[in-house]
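>>> Next one to model:
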Amino acid sequence: MSVMAVRSVRTVTANMLLSVFFLSGALADCDKNLALLITAPKEMEALTGSCLQIPCNFRVIKSEEEFSSARTTFGVWIKNEPQFSNPDNVIFNSSRNDNIYPMNLIGDLSQKNCTTLFSSLITSYTDKYYFRIENWPFVATASCDPLQITVLDSPPSPRIEISGDLKEKESVSISCSAFTPCPHSPPKLTWNLQQDPHIMTVEKKDRTFTTKIQKNITLSDEHDGSIITCSARYPVNEGKDVKTAEERTTLNVSYAPKNTSASISPPGLVSAGSRVNLTCSSRANPPVSRFTWLKISKDGPVTVSEGDFYSFNVTDGGVYHCVATNDLGNQTSSEIHLTIKDPPRDTSVVISPTDPVSVGSLVNLTCSCRGNPPIDTFVCFMINDGRLAMIKVDEQIHGFKVSSSDRGRLYYCGCRNELDIQLSTGRQLVFEGDQRVGAQVIVKILGIVMLVSTLVIFECWFRSRRSIKPQKRAVEADYVNSVVELRPS
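Numbers count the residues shown, from 1 in each chain. All right, here's what the predicted structure looks like:
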């Protein structure tokens, strides 16, 4: 095949492709003598009282007299139908000054730019529009490229977009954009995010415009459920009035469990054998899929139950916590200390300094005991010759100077909490030079009888002092058989 033949085939192929590209489909219903095409949006919206900038370029397809940029060129807009013969439809001609519609060609027609500014729009301007070129002797109408213009009385809502993964610790870009039919008078955008002082009016690929405001934020769980509100205020009627549109969107941010906490019911100290309920709560998105209860042991945490609610009968104390888990992670609650009630025990009188003592020396008697809840009342008393004498009430320590009359006296103390009371065994001061009689306390029979009676009377007083109903209890021999250290004189 010769070079000329190849070129001929290529030319024919190119012409066929051009015919398919420009004349197929929609062109089937157009003028078969089509000579002009324009590149412009098929549909555009505008706002009453504002303007509309129509991006437009044209292309000459065929004509006996080709278009020449050296000649004066005029642009014409026709509404409703492409026929130029109907003068009522010719609403703008750049060769005239008395046009029906307030339009102005701002593009350079010699460069085939037919961009037009349509001003002071009203709803009755909603129609289909055709563009025509007059470049005498070349004239043509783009009858296959109508532009549908819709004039709105109220602006459409702005558009809020979020790019990025809506998870905690992720950085996302949030933007609000509003359609801008009139870039000479763009809307003012505001939102409830920290205001960005720079509002951008951006030209899109189709040469229409949008006004945009944008902000980058790093998400946290606190953003979940937040409502973003964006408002667009359009100046109309040469800035005398404004029309406002608003859009809202709610952030749905995913995050691992937060504020995980454990609670116990009933609160406070519990009695052995009673039933307690442990409850675990947490907030998360997506919701918590698993709650796990663990008890601290000497070998570490041990799983004791699953679920947000754990109920059991108390056998001993312990430390518990729960763990809340979802697809994004887990969180452990603070510890719950389960403590069993403990009445006073190990009550004793502690003498300091330790025996022996001398007349004139200073001595402290301390009432020592343990209990849970803590001891709330201490009583210190003594028995001398079978007679009870109160020394101190509500004080744990009693200090005094030793006298010779203190020889042979027995000192006792009592401890009380809300559960019970306990009395100590007796202690006796050992003076310097005294000889110990032995490990047992020598007490006369009459003294024993008097002591038992005295302790019973004291215990009843001790209980009634805090408005506790007296209960019958056997007086154990431990109250009598007190360990007293004696030295024979």
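
>>> going forward, measure contacts and count neighbours with C-alpha atoms only.
Noted.

>>> for this protein, what are the low-confidence residue spans?
Across the chain, residues meeting the criterion (pLDDT under 70) sit at 1-33, 63-65, 195-197, 435-489.

>>> Which residue ranges of it form helices?
3-23, 445-465 (DSSP state H).

>>> how about the strands in the stretch 201-350 of the chain?
Ranges of strands in the stretch 201-350 of the chain, per DSSP state E, counting those that start in this stretch, are 209-218, 227-236, 241-250, 255-265, 275-285, 290-297, 300-306, 309-313, 318-326, 329-332, 336-338, 342-352.

>>> Return the set of buried residues in the fourth one.
When you say that, I think you mean strand 255-265. Of the residues in strand 255-265, those buried by neighbour count under the rule 16 or more other Cα atoms under 10 Å are 255-258, 260-264.

>>> Outline the domain layout of the chain.
Split into domains by automatic domain parsing, the chain comes to 24-152, 159-250, 259-338, 342-479.

>>> how distant is the shortest one from the center of its chain?
What it means is domain 259-338. Its chain's C-alpha centre and that of domain 259-338 lie 23 Å apart, by Cα atoms, centre = their mean, to the nearest Å.

>>> Equivalent analysis for the first one, please.
Centroid separation between domain 24-152 and its chain, computed with Cα atoms, centre = their mean, is 55 Å.

>>> Am I right that T72 is in contact with I133?
No. With contact defined as Cα atoms under 8 Å, T72 does not reach I133; the gap is 10.6 Å.

>>> Neighbour count for the two, which is higher?
I133 (23 against 12; other Cα atoms under 10 Å).

>>> Can you get me a residue count around the closest residue in space to the more buried one that isn't next to it in sequence?
Nearest residue to I133 in three dimensions, chain neighbours excluded: G75, at 5.0 Å (Cα to Cα, 6 or more residues apart in numbering). Around G75 there are 20 other residues, counting by other Cα under 10 Å.

>>> my guess is G75 meets V139, correct?
No. Counting by Cα under 8 Å, G75 does not reach V139; the two are 10.0 Å apart.

>>> just to revisit the earlier point, out of the strands of the stretch 201-350 of the chain, deepest packed?
Of all these, strand 318-326 has the most neighbours on average by mean count of other Cα atoms under 10 Å, namely a mean of 22.

>>> Which secondary structure elements does that one sit against?
Counting contacts by 3 or more Cα pairs under 8 Å, 6 or more residues apart in numbering; DSSP states H and E, strand 318-326 packs against strand 255-265, strand 275-285, strand 290-297, strand 329-332, strand 336-338.

>>> what is Q428 paired to in the beta sheet?
Per DSSP bridges, the residues bridged to Q428 are L410.

>>> And it, how close does it get to K79?
Counting by Cα to Cα, to the nearest Å, the separation of Q428 from K79 is 122 Å.

>>> How about K341?
In terms of Cα to Cα, K341 sits 94 Å off from K79.

>>> Between these two, which is the more surrounded one?
Under the criterion of other Cα under 10 Å, the comparison of K341 against K79 puts K79 first, with 23 against 18.

>>> mind listing the strands for the stretch 351-489 of the chain?
Under DSSP E, counting those that start in this stretch, the stretch 351-489 of the chain gives strands at 362-372, 377-384, 387-393, 397-401, 410-416, 421-423, 427-428.

>>> Next, format those as JSON lines and append mean neighbour count.
Listed next are these as JSON lines, based on neighbours: other Cα atoms under 10 Å:
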{"stretch": "strand 362-372", "mean neighbour count": "19"}
{"stretch": "strand 377-384", "mean neighbour count": "20"}
{"stretch": "strand 387-393", "mean neighbour count": "14"}
{"stretch": "strand 397-401", "mean neighbour count": "14"}
{"stretch": "strand 410-416", "mean neighbour count": "26"}
{"stretch": "strand 421-423", "mean neighbour count": "22"}
{"stretch": "strand 427-428", "mean neighbour count": "24"}
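
>>> Now for T180: which residues touch it?
186-187, 208-211 (Cα atoms under 8 Å, 6 or more residues apart in numbering).

>>> before we move on, what about T218?
With the criterion set at Cα under 8 Å, 6+ apart, T218 makes contact with 168-172.

>>> Nice, that's everything, thank you.
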